[in-house]
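Undergrad: Just to be clear, the model below is a prediction. Sequence and coordinates:
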Amino acid sequence: MSKAAIEENRFTGTTPAPRLVPPPKVRRRPVHIVATVAAIAAGAAIAAWGWAAVTTTETVVAARTTIERGSIITADDLTTTQISGDNTIRVVPGDELDELVGTRAALDIAEGGLLTPEMTTKDNMPPAGQSIVGISLTPAQVPAVTFRNGDKVRVVATTGEGGEPSSGTPLSTSAEVVSSSVDETTGNTVVNVLVPYADATVLADRASTGNIAIVMDPLEP
């Protein structure tokens with residue numbers, strides 16, 4: 001400050017204004033700038049990957065109700081659902097739902113289960129070389145169990161009420177259950193079984209007499 005200005009301030013009683021000093025300039029090292037940019041880019045990539053993993057889904061076919069093996073699949077049995085796009089199970093795409101209607105369940109399918117190609121078949125029933133025979137049975141002629149499609153059974157010829165027991169091994173036919181239901185009028189259990197074509201005629205004749213019974217066997221003896 002000049003001498004004249006000092007003298008003037010002395011007579012006027014004013015205080016000189018402080019001198020403003022500009023802040024020092026911070027010099028950033030190039031390596032720090034590169035590291036910061038790389039960290040931001042990596043964070044953005046991770047966020048994008050996480051968003052894609054959550055939002056990427058696909059529509060697939062699922063069972064609306066429990067479908068038993070051997071039954072014909074209807075539109076009411078099926079629905080669609082969304083699953084993660086990175087699912088490793090080979091499932092049936094949702095746009096193929098209509099193609100499954102009218103096919104047959106090759107396996108038991110639980111309600112809510114996702115359908116895979118192996119769960120359905122277009123094979124005719126009965127297959128070549130086999131026949132389906134319907135048998136009406138009283139409670140005394142059938143085990144007190146619920147028959148399911150695919151159950152292995154033996155259809156045994158009996159002597160009938162009041163008859164003499166057979167001295168040898170009764171005649172029997174190995175069969176596979178296709179379906180079963182209870183006749184609400186008679187209370188009998190009606191079981192449709194799959195048997196070799198050559199045995200179908202004899203089995204149907206025995207079934208008509210009522211001298212017959214069903215024995216359930218393990219699925220894998």
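TA: Good, I have the coordinates.

Undergrad: so where's this structure shaky on pLDDT?
TA: Residues of the chain that meet the criterion pLDDT under 70 lie in 1-55, 85-87, 160-170, 219-221.

Undergrad: hey, where'd the strands end up in it?
TA: 57-63, 78-84, 104-105, 120-121, 130-137, 152-157, 172-182, 189-196, 212-217 (DSSP state E).

Undergrad: which helices and strands does the fourth one pack with?
TA: Spelled out, it's strand 120-121. Contacts defined by 3 or more Cβ pairs under 8 Å, 6 or more residues apart in numbering; DSSP states H and E place strand 120-121 against strand 104-105. All C-beta atoms are positioned from the backbone trio N, CA, C, and that covers glycine.

Undergrad: which residues are contacting the strand it packs on?
TA: For strand 104-105, the external contacting residues (Cβ atoms under 8 Å, 6 or more residues apart in numbering) are 67-73, 119-123, 125, 149.

Undergrad: give me that answer again for 7 Å
TA: For strand 104-105, contacts defined as Cβ atoms under 7 Å, 6 or more residues apart in numbering pick out 67-73, 119-121, 123, 125.

Undergrad: Return a ChimeraX selection command for the buried portion of those residues.
TA: The buried residues among the contacts of strand 104-105 can be selected in ChimeraX (16 or more other Cβ atoms under 10 Å) with this line:
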select :67,69,70,71,73,119,120
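
Undergrad: follow-up on the earlier one: identify whichever of the strands of the chain lies nearest to residue 204.
TA: Nearest to residue 204 among the strands of the chain is strand 130-137 (5.2 Å), distances taken as Cβ to Cβ.

Undergrad: Run the angle between that closest one and strand 172-182 for me.
TA: 60 degrees (axes from the mean of the first three to the mean of the last three Cα atoms, to 10 degrees).

Undergrad: Which elements pack onto strand 130-137?
TA: strand 189-196, helix 197-209 (3 or more Cβ pairs under 7 Å, 6 or more residues apart in numbering; DSSP states H and E).

Undergrad: Of all the residues in the shortest one, which ones are buried?
TA: In terms of neighbour count (16+ other Cβ under 10 Å), strand 189-196 has its buried residues at 189, 191-195.
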